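S.K.: sequence and predicted model, in that order:
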Amino acid sequence: MRRLIKVFHRQTDGFSLVELLVSIVVASIFSAVILTVFISGTKSFQATGIITEIRSEADTSISQILNEITGFDAIRVDEDKKISFYEKSLPRLNLSTGLLERSTSFIPFRTINGRDVESNTEAAHFAFDITKQDNSNLVYEKNIESINDQITLKKTFTISNPEYVEVTDGLNPGTYVVHGILIITFDIQSNDKEEQQTLTSTVGF
C-alpha cells in the first residue's frame, strides 16, 4: 500500500499591513490606558499632599489669631479698614462715694500682657483691604495672598449681629461692638484651583 504523505508547507510570509495596523492600534490603546492610570495616581498623590498642607496651614493660622484675641471684650470698628480688640477698663474707686465704678471706656487688649497693659499701648488688631456692610453684618476682607508656590489664602472676618456702643470719654474714644459673633473664614486653594478648603472659626462675645 502506498502511504499517503501530507506535506505541510511552512509559511514564510510576514504580517500583512492590516495586521500591523491593528497591532499598533491595540498597543496604543493599552499604552493610553496605562498612562492615564499612572497620571491619575500621580495627581491623586499630589492632591493629597496639597490638601494636607492646606489644612495644616489653615489650622496654624487660625490658632495664631485665636491666641491673639482670646479674652477680648469689645472690637473697635471706626478705624479705616482695621479692627482692633479692646477690653473693659478696670474699676476705679470713686473718692466722693467710696464705691467702685467701672468706666464706660476700653483699654487696648493684649494677650501677652493680660490686664497689665498701658492705656496708650496699641491694641491687637488686623488690617484689611476691603470693608463692607452686608445686611446687619460687618465684613472685612483681605486680598488673596500667596502662601507659597502652591497655595493661596483669602482671609475674611465677619462681625455678625453687632451691638454698638459709642465711647466719648477716656483715652480711647470711638465706636465699639460690645456684643456679636466674630466669624473668621479662611479660603485656601491650590494655585491651579483644583483643590480648595474653607475653614471657619466662630467666636461669640
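M.R.: Sure thing, it's come through. Everything numeric here is computed off the predicted structure, so don't read it as measured data.
S.K.: all strands of this structure, in order?
M.R.: If you assign secondary structure with DSSP state E, the strands in the chain sit at 74-76, 82-88, 92-94, 99-101, 106-108, 125-127, 130-134, 137-141, 145-146, 151-167, 174-190, 196-204.
S.K.: for these, which one sits closest to Ile34?
M.R.: In terms of CB to CB, the element of the strands of the chain nearest to Ile34 is strand 174-190, at 26.4 Å. Glycine gets a C-beta too; all of them are placed from N, C-alpha and C.
S.K.: can you list the strands that that closest one pairs with?
M.R.: Neighbouring strands of strand 174-190 in its sheet, by DSSP bridges, are strand 74-76 (antiparallel), strand 151-167 (antiparallel), strand 196-204 (antiparallel).
S.K.: winner for burial among those strands?
M.R.: Among the strands paired with strand 174-190, strand 74-76 has the highest mean neighbour count (mean count of other CB atoms under 10 Å), at a mean of 24.
S.K.: residues making contact with it?
M.R.: By CB atoms under 8 Å, 6 or more residues apart in numbering, the surrounding residues in contact with strand 74-76 are 83-88, 106, 123, 159, 165, 172, 174-178, 180, 182, 205.
S.K.: sorry, back to before: just send the strands paired with strand 174-190 back as JSON lines, with mean pLDDT too.
M.R.: As requested, the strands paired with strand 174-190 are exported to JSON lines (pLDDT from 0 to 100):
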{"stretch": "strand 74-76", "mean pLDDT": "94"}
{"stretch": "strand 151-167", "mean pLDDT": "92"}
{"stretch": "strand 196-204", "mean pLDDT": "87"}
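S.K.: possible to save these as a markdown table with distance to Thr52?
M.R.: Below are the strands paired with strand 174-190 laid out as a markdown table (distance: least, CB to CB, whole Å):
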| stretch | distance to Thr52 |
| --- | --- |
| strand 74-76 | 33 |
| strand 151-167 | 11 |
| strand 196-204 | 10 |
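S.K.: what about this structure, any weak spots by pLDDT?
M.R.: Under the criterion pLDDT under 70, the flagged ranges of the chain are 1-15, 38-51, 53-54, 90-95, 97-104, 111-120.
S.K.: what residues of stretch 140-150 count as buried?
M.R.: Neighbour-count burial for stretch 140-150 flags 140-142, 150 (criterion: 16 or more other CB atoms under 10 Å).
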